[in-house]
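Asks: Sequence and predicted structure are below.
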Amino acid sequence: MASTTSPWNEPSSWHGPKVACEQANGSGTTQDHQKQFAITHITKAPITSAPIRSSLIQQLLKEQLEDLRDCHEGEVADYIPELAKANPEDFGIVMATADGRVYAVGDWEKTFTIQSISKPFMYGLAMSLLSPSFMEKKVGVEPSGDAFNAISLDPRTGIPRNPMINAGAIATAAQVWRHDPGRAEDLTLEFFSSLAGRPLAVNESVYESERASGHRNRAISHLLRNAAVIEEEPEPGLDLYFRQCSIGVTCRDLAVMAATLACQGRNPLTQDEPLNPALTTRMLAVMGSCGMYDYAGQWLYDVGMPAKSGVGGGVLAVVPGRLGIAVYSPRLDAFGNSVRGIATCRRLSQALELHLFDQTPLQQSPVRSTYKGTERRSRRWRSTAEAAVLDPLRSQIKVLHAQGVLDFAALENVLGSIEQAATDGAVIILDLGQVSELPAASSAFLKRQSELLQAAGQQLLLCRSSHLELPAALSREKFTYASLDLALEAAEDLLLEKSACEGSAGNGSTALAAAPKGTPTDACLLGLLAPLAANLREAITERLELRHYAAGSLVMARQQESDQLFLVASGRFSIFLPIPRPEAPARLARMATFSEGMVFGDAAFFSGELRMADVVADTDGSCWLLQRSSFEGLQQDNPAAAMALLTQLAIDLGRKVALCGQQLTLVEDL
Ligand code: GLN
């Protein structure tokens with residue numbers, strides 16, 4: 001720009017009218033503003049009705065690009081002579097999402113220099129090398145209200161006001177250089193490359209041009225040296241600053257860098273983690289208040305995104321947790337910000353409702369559903385004696401399914417539901433399977449809540465939390481279960497235990513412990529065969545053979561011939577069914593767990609089909625086996641006994657089917 005009134009020569013004289021492409025639509029009056037708002041929304045309409053869904057976003061960006069191409073306001077920076085060579089018509093827009101999708105239109109592959117957009121990143125690098133508290137002593141975090149190249153320090157603190165203006169950025173670069181003079185530039189380039197997800201390099205001609213013409217920055221560096229913000233000779237730190245500003249990037253690189261900030265420092269394309277969440281929070285905060293220099297307030301008001309611009313024509317904006325946007329268009333306004341870049345971000349912010357302060361209250365309840373243990377029980381089959389104790393207590397089990405991000409507001413809601421559920425003796429199961437994030441502060445609350453409940457004689461069981469980073473204390477808890485089914489079983493066991501402690505000794509459940517002695521007596525008598533007349537029972541038991549199983553051993557396997565019927569004599573046996581999963585090995589899900597006196601293997605035994613499930617011994621145990629040949633013998637020799645056995649099995653199957661049906665119906669309705 002040949003103008004003598006350019007902001008970089010004479011910042012104080014540059015407080016003329018704001019240049020913005022929206023002025024083409026008129027931006028001075030309320031009416032105009034409404035018109036502009038309306039226009040933005042008109043551009044939205046055809047997009048939503050576009051037939052090809054996958055290109056909707058691309059199309060939106062393209063429309064913005066076409067709309068704003070006619071805007072020729074602003075001037076290409078020429079105070080660094082090499083920058084004046086940029087083609088003023090270049091225009092690219094890129095959006096990169098937190099899950100790694102990139103939408104790019106226009107000149108998104110064109111390389112330009114990053115310039116001031118390097119500042120927040122260099123500040124992040126300095127904080128990670130030297131600590132945030134160290135950097136706070138060197139550079140403030142107050143918006144300056146001055147132009148980016150103001151030759152001034154904060155009169156109150158004697159240090160630069162913030163790291164986004166040149167004074168703060170030069171002080172920051174000087175600290176990075178001082179940290180490791182020999183490798184400072186390599187560190188910088190490696191760091192920037194990791195942010196962009198590809199190797200970046202310095203544009204030597206822009207660097208030379210900037211170094212040769214950077215008298216103002218040199219003056220700033222001497223001011224910093226004079227104020228002892230820089231402890232050594234200023235030139236090497238200043239040189240690193242010139243080199244960082246001269247790093248060549250594309251619009252796509254910047255969008256990926258922005259998305260990396262949106263993802264708390266993890267590059268969503270490469271999964272590299274050049275930064276950590278605590279640092280990105282600070283960087284975004286400084287970008288929010290100071291990133292657009294003396295236009296920062298208006299920017300935050302209109303666009304509402306932490307952002308950074310550079311005189312190379314780039315603008316980078318971040319929607320924290322969601323996405324990054326980058327625009328490249330070299331014509332700059334009076335503040336040194338890309339005119340089309342600002343207009344694009346403004347339009348996208350409005351059209352896509354991206355403004356940071358436009359937060360809708362929680363729409364989705366963080367507790368998806370709640371119900372009692374009467375509605376859903378574990379797949380552990382209970383004996384008649386256990387059921388007699390447990391069934392009246394099942395309503396003390398409360399299941400809460402949580403969902404989404406359990407940040408403070410959501411967790412407060414979950415805690416409210418837990419409190420409501422915490423009636424006398426309650427066992428509360430909190431299912432975290434659908435929770436996508438459990439911040440540390442929230443899991444600390446959960447731990448505290450669990451302790452409080454325990455002190456009040458209640459219990460909080462967590463399940464399906466393996467995908468979340470629970471603090472060690474909580475994940476090691478004995479009350480954390482892999483599935484809802486296991487948590488339900490544990491809850492039932494807790495109720496049984498409690499009632500055994502409270503009730504008199506020698507009640508129904510102790511009788512279940514009777515061990516088989518080698519003849520099918522006690523245990524089976526309590527179960528399937530108990531109601532039969534002695535002579536029939538004997539005719540059956542004669543034909544049974546006892547088999548022992550070690551814990552973990554396979555009792556039967558899928559696809560095997562099924563010519564045995566199993567009556568559990570002791571121990572516990574679980575049936576597992578493979579649940580197919582797309583592109584992953586099938587998951588074995590528990591269908592049922594049986595104990596003394598219960599029968600399994602009956603369905604295939606009668607149908608003669610191959611086994612449909614695996615059965616594993618959960619504990620050491622034993623079963624009475626009835627071979628098909630023995631059963632056929634029984635049918636021959638003692639049809640009455642065979643009929644009696646069949647009747648019992650039919651009753652048992654009937655009960656199972658009825659309970660399964662009831663559970664399915666209830667569960668489908670939850
Ligand atoms: N390297 C440029 C300078 O120091 C960076 C300024 C900018 O992008 N705003 O002037």
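Replies: Alright, I've got the coordinates.
Asks: and the lengthiest helix in the chain, what does it pack onto?
Replies: Among the elements of type helix in the chain, defined by DSSP state H, the one spanning the most residues is helix 639-669. Contacts defined by 3 or more CB pairs under 8 Å, 6 or more residues apart in numbering; DSSP states H and E place helix 639-669 against helix 534-541, helix 602-607, helix 628-637. The way it works is simple: take the backbone N, C-alpha and C, and place the C-beta from them, glycine included.
Asks: Any idea how many residues pack against the residue nearest to E437 when sequence neighbours are not counted?
Replies: Excluding its sequence neighbours, the residue lying closest to E437 (CB to CB, 6 or more residues apart in numbering) is V405, at 4.4 Å. Using other CB atoms under 10 Å, the number of residues around V405 comes to 16.
Asks: Could you do the one 3 residues further on as well?
Replies: When neighbours are defined as other CB under 10 Å, F408 has 11 of them.
Asks: can you check the one 4 residues further on too?
Replies: Neighbourhood size, E412 [other CB under 10 Å]: 14.
Asks: Before we move on, what's the pLDDT of it?
Replies: You'll see E412 listed with a pLDDT of 91.
Asks: so is it in a helix, a strand, or just coil?
Replies: When classified by DSSP: H, G, I helix; E, B strand; the rest coil, E412 comes out as helix.
Asks: how close does it get to L460?
Replies: Going from E412 to L460 by CB to CB, to the nearest Å gives 16 Å.
Asks: same deal with L430?
Replies: Distance of L430 to L460, given as CB to CB: 6 Å.
Asks: again with F576
Replies: Where L460 is concerned, F576 sits at a distance of 28 Å (CB to CB).
Asks: likewise G571?
Replies: In this structure, G571 lies at 30 Å from L460, with CB to CB as the measure.
Asks: So the two - more neighbours on which side?
Replies: When neighbours are counted by other CB under 10 Å, G571 and L460 differ, and L460 comes out ahead with 24 against 20.
Asks: hey, what's the more buried one bridged with?
Replies: In this entry, L460 is beta-bridged to I428, by DSSP bridges.
Asks: Could you verify my assumption that it touches K447?
Replies: No - in this structure L460 lies outside contact range of K447 using CB atoms under 8 Å: 9.4 Å.
Asks: Is P471 in contact with R448, as I believe?
Replies: No - taking contacts as CB under 8 Å, P471 lies outside contact range of R448: 11.2 Å.
Asks: more neighbours, those two?
Replies: A side-by-side neighbour count of P471 and R448, using other CB under 10 Å, places P471 first with 14 against 11.
Asks: can the helices and strands packed on helix 639-669 go into TSV with extra columns for mean neighbour count and distance to the ligand?
Replies: As requested, these are arranged in TSV below (neighbours: other CB atoms under 10 Å; distance: least, CB to the nearest ligand atom, whole Å):
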stretch	mean neighbour count	distance to the ligand
helix 534-541	17	91
helix 602-607	16	74
helix 628-637	14	85
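Asks: Just give the number of residues close to D493.
Replies: Count around D493 with other CB under 10 Å applied: 15.
Asks: what's the helix or strand it falls within in contact with?
Replies: Following DSSP states H and E, one finds D493 within helix 484-502. Outside of helix 484-502, the residues within contact range by CB atoms under 8 Å, 6 or more residues apart in numbering are 373, 376-380, 382, 386, 389-390, 393-394, 396-397, 399, 425, 427, 429, 431, 433, 459, 461-464, 479, 481, 507, 509-510, 590, 593.
Asks: and those residues, which are buried?
Replies: A residue is treated as buried here by neighbour count (16 or more other CB atoms under 10 Å); on that basis the buried members of the contacts of helix 484-502 are 373, 376-380, 382, 386, 389-390, 393-394, 396-397, 399, 425, 427, 429, 431, 433, 459, 461-464, 479, 481, 509, 590, 593.
Asks: Cheers, nothing more for now.
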